[in-house]
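Peer 1: Predicted model and sequence follow; I will ask about them next.
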Amino acid sequence: MFKNVTLFAALMFLALAACTSKKEAEEAAKKSPTPSEAATPQPEVHGTEVKSLELTNPLNKDWVTTGKKIYETKCLACHKLTNEKLVGPGWAGVTKKRTPVWIMNMTTNLEMMLEKDAEAQKLLEECLVRMPNQNVSQEDARKILEFMRSNDGEK
């Protein structure tokens, strides 16, 4: 008798969990922008958008060191330095796939990017978790970018 009750309770739990997941998925699908909405140009929201950036050549070793420390305190919990996804995407090759300006804006002005950038919206759909605002200054973001470049093999 106890086995039957336990089995029944387990089945009810699974059924309830399946229903909840389906509802959440449907709600998320309703909230996701359509491709035409994602492509619609949005006005600059915060006024802090990075529009141009000059890279160092060779890498600034002090910035790489500082960028690594910032990564370890603010980014490591969600991003690996390989291609492997943890919570967010892995960082290997990111400087080959994305422009420095895009990386800087994603780091310092996430809300604006999620509102107007189709690639940022696509990443959110893939990862299913919104990157938390880490209050990274543009100066620190630049050092993180230098560390990313170093991680991708630039010298």
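Peer 2: Arrived safely. This is a predicted model, so every value here is computed, not measured.
Peer 1: pLDDT weak spots in the protein?
Peer 2: Under the criterion pLDDT under 70, the flagged ranges of the chain are 1-47.
Peer 1: Where do the domain boundaries of it fall?
Peer 2: Here the domain assignment for the chain is 2-31, 57-151, based on automatic domain parsing.
Peer 1: Mean neighbour count, those: which tops it?
Peer 2: Comparing those by mean neighbour count (mean count of other CB atoms under 10 Å), domain 57-151 comes out on top with a mean of 17. (C-beta placed from N, C-alpha, C; glycine too.)
Peer 1: Need the distance between the two termini of it.
Peer 2: 15 Å (CA to CA, to the nearest Å).
Peer 1: Please identify the helix or strand for Val101.
Peer 2: Val101 is located in helix 100-108, with elements delineated by DSSP states H and E.
Peer 1: I'd like the next helix or strand past that helix.
Peer 2: Next along from helix 100-108, by DSSP H and E: helix 110-116.
Peer 1: next SSE after that following helix?
Peer 2: Counting by DSSP H and E, what follows helix 110-116 is helix 118-127.
Peer 1: What segments of the protein are strands?
Peer 2: Using DSSP state E, no strands are assigned anywhere in the chain.
Peer 1: Show me where it has its helices.
Peer 2: Using DSSP state H, the helices of the chain run over residues 2-31, 35-39, 61-70, 94-97, 100-108, 110-116, 118-127, 138-151.
Peer 1: What is the last one packed up against?
Peer 2: Which is helix 138-151. Helices and strands touching helix 138-151, by 3 or more CB pairs under 8 Å, 6 or more residues apart in numbering; DSSP states H and E, are helix 61-70, helix 94-97, helix 100-108.
Peer 1: Take these and lay them out in JSON lines including distance to Met131.
Peer 2: Below are the helices and strands packed on helix 138-151 laid out as JSON lines (distance: least, CB to CB, whole Å):
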{"stretch": "helix 61-70", "distance to Met131": "15"}
{"stretch": "helix 94-97", "distance to Met131": "13"}
{"stretch": "helix 100-108", "distance to Met131": "8"}
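Peer 1: Compare these and report which one is nearest to Ser150.
Peer 2: helix 61-70 (4.5 Å; CB to CB).
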